[in-house]
Every structure is written in C-alpha cells, then in structure tokens.
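[1] Following is a predicted model, sequence given first.
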Amino acid sequence: MVERLGPTATVVHCWYKSSAGSSARDFCLLEYRTTLPDGSRALLARSVEHPRCPVTRARIRGEVRMWGLVVRPLTTTSSQIICTLHCDMRGSMPLWLKTKVNMTQAMLPLGLAKLFAS
C-alpha cells in the first residue's frame, strides 16, 4: 500500500516480474471498496499518478483504465461475481503472453469462487 486515503480508498503499487519475451510491468492504482445497498461488495480501481509511486526505468508502467469486481450474494451459499477490466499493458508483448494474461483474467471469478467456498 502506498497511501490510505480514507476508510474505503487506497493507492497501491503492483508490479510483475518479466516473463520470457516480455518486460517487467507495474501499475499505480487507486482502489475503492464499498458495500452496495443490496449487500454486494464492490472493488473498483484505475491508474493514477502518485509521488510515492514514480515511474522507473526498471519496469514499463501499464495503465488500468477501469477495473471492477462486484460480489453479489444470491443465497446463503452462493454469490454472483461480476468482473470487468480495461487495461493497456503498454509496450510490446508476444501474442502467447497476451493470451495467457487474458485467460488468467477470465478465470479470476472461478478462483474467487473457490476461495469463498473453502
């Protein structure tokens, strides 16, 4: 965590190591968490600039234009998970890695469901 802006908002710095054929990436994000009137939990994020999260030569700064996750309880034992992401990784990436990243993001709701089930 870079900075807590209040009880529901934080600035975070995320980074990823380089993979075969791709440079390391990082993101400086403003995250906002809230509970909606129907009991759903929402996590929203977007890229921001922050003095304690400077761009460096060691990584390519990606941009998250919009990231959202909503977990809506349906019954006492099930929930609906809605996830959306609009991200520019910037720089070049091999097609196989782009496909892998997209598949990983697409599988996020399944991973969350398994986490909540345990």
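    Okay, I see it.

[2] Would you map the strands across this protein?
    3-4, 9-16, 25-35, 41-47, 60-61, 63-73, 79-88 (DSSP state E).

[3] So what touches the top helix by length along the chain?
    For the chain, the helix with the greatest residue count under DSSP state H is helix 95-106. Outside of helix 95-106, the residues within contact range by CB atoms under 8 Å, 6 or more residues apart in numbering are S19, A20, G21, S22, C83, L85, M89, M93. Any C-beta I mention is one placed from the backbone N, CA and C, and that applies to glycine too.

[4] again, only this time at 10 Å
    16, 19-22, 25, 67, 83-85, 87, 89, 92-94, 111 (CB atoms under 10 Å, 6 or more residues apart in numbering).

[5] Now do it: distance to the chain's middle.
    14 Å (CA atoms, centre = their mean, to the nearest Å).

[6] ok, now which ones touch the spatially closest residue to T56 that is not a sequence neighbour?
    Distance criterion CB to CB, 6 or more residues apart in numbering; nearest residue to T56, sequence neighbours excluded, is D26 at 7.8 Å. When contacts are counted by CB under 10 Å, 6+ apart, D26 touches H13, C14, W15, Y16, C53, V55, T56, A58, R59, I60, R61, G62.
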